[in-house]
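Asker: Following is a predicted model, sequence given first.
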Amino acid sequence: MPVLVITGTGTEVGKTVTTAAVAAAALAAGRSVAVLKAAQTGVGPDERGDADEVARLAGPVTAGELARFPEPLAPGTAARRAGMAPVHPQEVADRAAKLATEHDLVLVEGAGGLLVRFDAAGGTLADVARLLNAPVLVVAPAALGTLNATELTARELRRRELEFTGVVIGSWPGSPDLAARCNVADLPEVAGAPLLGAIPAGAGGLSPGEFRSAAPGWLAPRLEGTWDAEAFRVRVAP
């Protein structure tokens, strides 16, 4: 898969750290990697964005973003309020396609969820995936409420006939409650797609060396890792 689109069931679900883990595992497997943030919001001109954070954690990736807007809002809204040109799905797809000619793997990270709007025409990350004919990885939280959001995202991917690679839990708690432990079994069922990893809570706070060493152990072989979904399910089962 030369291009992988990474979305979340919402915001603040661990999407950027998951993207960094996928990048680190691919680098460890000997692949060249590019990371493209479709639209960065809530960050000033001189501040580090999500693509920069992926590069810090994962290592030598080609990191870039198409645009950034100062307010922490949906990209289309943030662009309008700032009086700036929005990002359009075709622009994202064109940049990702070019990167794919130069790298073994291109990770396209969205902003928020699958249907967050980029522009006034209603363009979304789902449109980017369609234009690229690229698979989509969904990052979901572990906690109560995740099943509904994950199933809705899965249904939309299938309605649009997009390839759904699987689900990664973006922040697995050190002391999971009953809901989180049950969700390990329920997430792949409601998604109709495999669970492909669980990123430990706080992983983004590790040193880059620790992060890169540990990342393959958080992800399934489909994502160049060694994580065993069934063994994890049995271990955390209530």
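Answerer: All right, it came through fine.
Asker: Can you show me the strands along this protein?
Answerer: Taking DSSP state E, the strands of the chain run over residues 3-8, 33-37, 40-41, 62-65, 68-69, 105-113, 136-140, 164-172, 195-200.
Asker: Pick the most deeply packed of these.
Answerer: Burial of these is given as mean neighbour count (mean count of other C-beta atoms under 10 Å); strand 136-140 ranks first at a mean of 28. The way it works is simple: take the backbone N, C-alpha and C, and place the C-beta from them, glycine included.
Asker: one step back: same list (the strands of the chain) but as JSON lines, adding distance to Arg233 and mean pLDDT.
Answerer: Output for the strands of the chain, formatted as JSON lines (distance: least, C-beta to C-beta, whole Å; pLDDT from 0 to 100):
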{"stretch": "strand 3-8", "distance to Arg233": "22", "mean pLDDT": "98"}
{"stretch": "strand 33-37", "distance to Arg233": "29", "mean pLDDT": "98"}
{"stretch": "strand 40-41", "distance to Arg233": "35", "mean pLDDT": "94"}
{"stretch": "strand 62-65", "distance to Arg233": "34", "mean pLDDT": "95"}
{"stretch": "strand 68-69", "distance to Arg233": "39", "mean pLDDT": "94"}
{"stretch": "strand 105-113", "distance to Arg233": "25", "mean pLDDT": "95"}
{"stretch": "strand 136-140", "distance to Arg233": "15", "mean pLDDT": "98"}
{"stretch": "strand 164-172", "distance to Arg233": "11", "mean pLDDT": "98"}
{"stretch": "strand 195-200", "distance to Arg233": "8", "mean pLDDT": "98"}
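Asker: In a markdown table: the ones you listed, plus distance to Asp119.
Answerer: As requested, the strands of the chain are exported to a markdown table (distance: least, C-beta to C-beta, whole Å):
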| stretch | distance to Asp119 |
| --- | --- |
| strand 3-8 | 17 |
| strand 33-37 | 16 |
| strand 40-41 | 14 |
| strand 62-65 | 16 |
| strand 68-69 | 12 |
| strand 105-113 | 12 |
| strand 136-140 | 20 |
| strand 164-172 | 24 |
| strand 195-200 | 30 |
